[in-house]
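Peer 1: can you look at this prediction? I've put the sequence above it.
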Amino acid sequence: MKVKRAILAVAALLCALALFAALRGNPFVDRSLCVGCEDSKTACPVEAIKLENGKARIDQDKCIDCRSCAKACQYRAIRVPQ
């Protein structure tokens, strides 16, 4: 029983960490609006944005939440949670 509880506790902790990361407010790409112009990629000071299949993708582990990418995106494809 103790092993089962420990496994459930670890699983709950991992879920909580994933939720926290998702809600922390970093910019994200609305891929339906992204045209792959590279403006956001150029604006990122930490090179957290790469193009994949012609669309921007933000590496959330590298992102410092400076929002330069959102300001640079003229198509409003990069959003910042409120």
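Peer 2: Structure's in. What do you need? Numbering: from 1, shown residues only.
Peer 1: quick one: secondary structure of the residue nearest to the spatial centre of the chain?
Peer 2: For the chain, the residue nearest the mean C-alpha position is Q60 (4.1 Å; CA atoms, centre = their mean). Following DSSP: H, G, I helix; E, B strand; the rest coil, the label given to Q60 is coil.
Peer 1: surely it touches N26?
Peer 2: Yes - look at Q60 against N26 with CB atoms under 8 Å: they come within range, at 5.5 Å. For glycine as for every other residue, the C-beta is placed from the backbone atoms N, C-alpha and C.
Peer 1: mind giving me the packing neighbours of the host helix or strand of T42?
Peer 2: Per DSSP states H and E, T42 falls inside helix 39-43. Other helices and strands packing on helix 39-43, by 3 or more CB pairs under 8 Å, 6 or more residues apart in numbering; DSSP states H and E, are strand 49-52, helix 68-72.
Peer 1: quick one: mean pLDDT for the next helix or strand after the longest one?
Peer 2: Looking back up the chat, that one is helix 68-72. Counting by DSSP H and E, the next helix or strand C-terminal to helix 68-72 is strand 78-79. Averaging pLDDT along strand 78-79 yields 94.
Peer 1: who does strand 78-79 pair up with?
Peer 2: Strand 78-79 pairs in its sheet with strand 28-29 (antiparallel), by DSSP bridges.
Peer 1: show me the contact partners of the strand it pairs with.
Peer 2: Identification of contacts with strand 28-29 by CB atoms under 8 Å, 6 or more residues apart in numbering yields S40, K55, A56, R57, I58, A77, I78, R79, V80, P81.
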